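Novice: Pasting the sequence and the predicted coordinates here, then a few questions.
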Amino acid sequence: MLRIHCTPQDLLNVTVADHPAPLLELSLAFAALQRHDVPPEQGRWWRRSLRGLPRAARPLFQLVSPQGAGPLFLDPPSEGFEEGLESVLATPRARVRAELQRVCATGLPATPWLRSLADLDRSAWHELELAVRAGHRHVIRRDWARLASGFRAETAWRSRVIAQQGLQAAITSLAPGTRWRGTTLEADLPRDVEITLQGQGIVLLPTFFWTHHLLAAPQPDGRVLLVYPAVTPLSLHPLGPADDPLVTLLGSTRAHILGLLVHRRTTTDLARQLTMSISTASTQTKALRYAGLVHSRREGKAVWHCCTPLGLDLLVHAHRPAS
């Protein structure tokens, strides 16, 4: 269970990140590569990344767990890769040791290489630099332009939800099981994490390789990064620029489904119209439902879906001619 205890001032200081974080995406990509419950739409990326993964990048598997837990010094929220790597390599010794002790206490094996990192062994840190560079080159760099485009669409969308529906709706729709109890934010997590804020606020940061539960990363300035899976994972974003802004935000399949759900349809109707399995259609409507774009209701053996007012509003604005 994740619990973030907020003050009223923290709720006034909730912001949306203004740029993606390459090293955070790298860490979460390596967490996702260790899992076998990847969503179907991410399977191709998962197989491709593992198949050609350079040997030099593999030490990163020792630093990040399949649950997304890793030392905070490994993934600073920097705008550029080189800037972020420089920050990693300049981490003070005390913070390195404290972070490695913390993640090992959560179940990450304390390997000899991690102990060498904690002792600031020059050879171990050189190996870390090579691993970060090789992992970034193989897993992140080739998709960065597409990820940046998806990030802009996602954060514009999330900001719109905050403006139209309020902070409660914007945060509880970040991931299934996210809820408020007074001023405490709770979310389902495979381990217990308790964070108490002192007024500096929360930054919402979408990720495109991680598709599971929320992650919270306290920052040196007192804020907490609340890292959440983007509405549309990277694999569903178009390879090139899209004429339809909905495709940029949601991916072509989900954008098509949202358009169809201007009128009520069952999961079976959608599967038949889109030539996909019923389970795939159900997965897609589930994602749209979590984003607040679709309402679903069971009637007998059928599940009916239709656009919510927010979904209809998105369709109208996305297809309105530019002035």
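Specialist: The structure has been received and is ready for your questions. Only a predicted model underlies this, so the values are computations on that prediction, with no experimental measurement involved.

Novice: Number of residues surrounding the closest residue to P76 other than its chain neighbours?
Specialist: The spatial neighbour of P76 that comes closest, neighbours along the chain excluded (C-beta to C-beta, 6 or more residues apart in numbering), is S87 at 4.6 Å. For glycine as for every other residue, the C-beta is placed from the backbone atoms N, C-alpha and C. Taking other C-beta atoms under 10 Å as the criterion, the count of residues near S87 is 15.

Novice: Same question for P20.
Specialist: P20 is flanked by 23 other residues according to other C-beta under 10 Å.

Novice: Same question for A56.
Specialist: By the criterion of other C-beta under 10 Å, A56 has 17 neighbours.

Novice: rewinding a little: which SS class is the residue nearest to P76?
Specialist: Of the three states, S87 takes helix under DSSP: H, G, I helix; E, B strand; the rest coil.

Novice: Contacts only, for it.
Specialist: S87 sits next to F73, P76, S78 when contact means C-beta atoms under 8 Å, 6 or more residues apart in numbering.

Novice: Then A148?
Specialist: By C-beta under 8 Å, 6+ apart, A148 lies in contact with P20.

Novice: Report the separation between it and R297.
Specialist: Taken as C-beta to C-beta, to the nearest Å, the spacing of A148 relative to R297 amounts to 37 Å.

Novice: How about W304?
Specialist: Going from W304 to R297 by C-beta to C-beta gives 5 Å.

Novice: Which one of those two is surrounded by more residues?
Specialist: Using other C-beta under 10 Å as the criterion, W304 and R297 rank with W304 on top: 16 against 10.

Novice: The more buried one should be in a strand, yeah?
Specialist: Yes - going by three-state DSSP, the assignment for W304 places it inside a strand.

Novice: so it makes contact with H263?
Specialist: No - in this structure, W304 sits apart from H263 without contact. The criterion is C-beta atoms under 8 Å, and the distance is 10.5 Å.

Novice: For the spatially closest residue to P229 that is not a sequence neighbour, what is the enclosing helix or strand?
Specialist: Nearest non-adjacent residue to P229, counting by C-beta to C-beta, 6+ apart: T211, 4.8 Å away. Assigned by DSSP states H and E, T211 falls within no helix or strand.

Novice: go on, A287?
Specialist: If you go by DSSP H and E, A287 is part of helix 278-290.

Novice: State the next helix or strand along the chain beyond that helix.
Specialist: That would be, after helix 278-290 and using DSSP H and E, strand 294-299.

Novice: Give me the buried stretch members for that following strand, please.
Specialist: Using 16 or more other C-beta atoms under 10 Å as the test for burial, strand 294-299 gives V294, H295, S296.

Novice: Let me see the contact set for the closest residue to the last one other than its chain neighbours.
Specialist: In this structure, S296 finds its nearest non-sequential neighbour in H305, 5.0 Å apart by C-beta to C-beta, 6+ apart. Under the criterion of C-beta under 8 Å, 6+ apart, the contact partners of H305 comprise L261, R264, R265, T266, T267, L270, T285, R289, V294, H295, S296.
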